[in-house]
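1. Sequence and predicted structure are below.
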Amino acid sequence: MGSSIVSVKNLSHRYSVQWAIKDISFDITKKGVMGLLGSNGAGKSTTMNIICGVLNQTEGEVFINGINLRENPVEAKKYIGFLPQQPPLYTDLTVEEYLRNAAFLRLMDKSEVNKAVDIALERCSITHFRDRLIKNLSGGYQQRVGIAQAIVHNPSFVVLDEPTNGLDPNQIVDIRNLIREIAEEHSVLLSTHILSEVQAICNDIKMIDNGHLVFSGSMEDFDNYIAPDSFVIELNHSPGKEVLARLAPNKGVEALSEKRFRIFFNEDNTITEKYIEESVMNDWDLKELVVERCSLDQIFAQLSGKVK
Ligand SMILES: Nc1ncnc2c1ncn2[C@@H]1O[C@H](COP(=O)(O)OP(=O)(O)OP(=O)(O)O)[C@@H](O)[C@H]1O
């Protein structure tokens, strides 16, 4: 296990006959936000519920700070903070009452609870709402209370299952900022099916599709996973599509206008140079050449297609 905060080993789960997740393994060794990305039904909640000890896996093991979660759940859970997809809020309690209960449920020492609640309130910027009934808070502030209960016992590992679901755009920005702040002091595992969410807050990504882990790496690795395969060129004195198509080995040329063309290519790092050289030699008056990177949506689709 070494210095892993979380170590997931060959995790599989079957609800009845069908496997919801199969043979998932990964380690979390540092602070920051790790995104668990996958479409609806991919297996994110199943994975998170098992990692948090809410669901017993069919196969495999989870270690939290080296402690086997299945064998020693009470000890392991001291290091876990969990915000499930449906936050477990008791809306007839005030924010402070609820957080105090959460701290007791986490088996915190009575003498530490007051201070811990104050710190969680402060970190989630809800101190001014401490005496308000949770049902009288907006969705964004209720989500802050949900995050506060996940960090009240100062766990090293915080798990947030689709934490921005159902929030309005301003609330989403606020919650993302809060998650970034929390990730400065904790390892955060965040699940989402929103690609832009991953791009906005995650340092590392695990992508899960159809119950299988199909990608694991940094945000940059993910972004660069598929090399660009087209560029758009604009020529003031264009020689026309046929000439451009014959110039160098390519996978096709699409005329976007009289002056603009999209050129598709295989892995040829020198192709843009060839077009630039020809343009200079033939006085085509090159105005623009833009290499087109794959969007995250395309990467997602490509990786999903790779499974099994
Ligand atoms: N309690 C259950 N009983 C039977 N099948 C289940 C149960 N919970 C989930 N599943 C199935 O397991 C698979 C994975 O579901 P899971 O909820 O883990 O996916 P998810 O990625 O979290 O999706 P979502 O984003 O929609 O919550 C799906 O096919 C789902 O229908």
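-> Structure's in. What do you need? Computed from a predicted structure; not experimentally measured.
2. Please report how far Leu189 lies from Asn56.
-> Leu189 is 19 Å from Asn56, where distance means C-beta to C-beta, to the nearest Å. Heads up, the C-betas are built off the backbone N, CA and C, glycines and all.
3. Compare those two and say which is more crowded by neighbours.
-> Legend: neighbour count by other C-beta atoms under 10 Å for Leu189 and Asn56, higher for Leu189 (28 against 11).
4. and for the helix or strand hosting the more buried one, what are the contacting residues?
-> Assigned by DSSP states H and E, Leu189 belongs to strand 187-192. Applying C-beta atoms under 8 Å, 6 or more residues apart in numbering, the external contacts of strand 187-192 come out as 5-6, 28, 30-38, 44-45, 47-48, 51, 156-164, 179, 182, 197-198, 201-202.
5. Which ones among those map onto helices?
-> 44-45, 47-48, 51, 179, 182, 197-198, 201 (DSSP state H).
6. nearest to Ala245, of these?
-> Comparing the ones in helices among the contacts of strand 187-192 against Ala245 with C-beta to C-beta places Val198 closest, at 37.3 Å.
7. Nearest residue to that closest one in space, please, no chain neighbours.
-> For Val198, ignoring the flanking residues on the chain, the nearest one in space by C-beta to C-beta, 6 or more residues apart in numbering is Gly35 at 4.2 Å.
8. Might you report the residue contacts of Glu184?
-> Contacts of Glu184 (C-beta under 8 Å, 6+ apart): Lys31.
9. Was I right to think Asp229 contacts Ile271?
-> No: using C-beta atoms under 8 Å, Asp229 and Ile271 do not qualify as a contacting pair, with a distance of 10.3 Å.
10. Need the residues touching each of these two.
-> Phe265.
11. Name the residue closest to the centre of this structure, please.
-> The chain has Gly35 as the residue nearest its centroid, 2.4 Å off, counting by C-alpha atoms, centre = their mean.
12. May I have the beta-bridge partners of that residue?
-> For Gly35, the beta-bridge partners under DSSP bridges are Leu190, Ile205.
13. now swap in Ser218 and tell me
-> Going by DSSP bridges, Ser218 forms beta bridges with Asp204.
14. that older thread, would you agree the residue nearest to Val198 is in contact with Ala200?
-> No: Gly35 is beyond contact range of Ala200, at 9.8 Å (criterion: C-beta under 8 Å).
15. so where's the chain shaky on pLDDT?
-> In the predicted model of the chain, residues 1-2, 225-227, 268, 294-300, 304-308 satisfy pLDDT under 70.
16. Near the ligand, which residues of it are found?
-> Residues of the chain lying close to the ligand (C-beta under 6 Å from any ligand atom) are 15, 20, 38, 40-46, 193.
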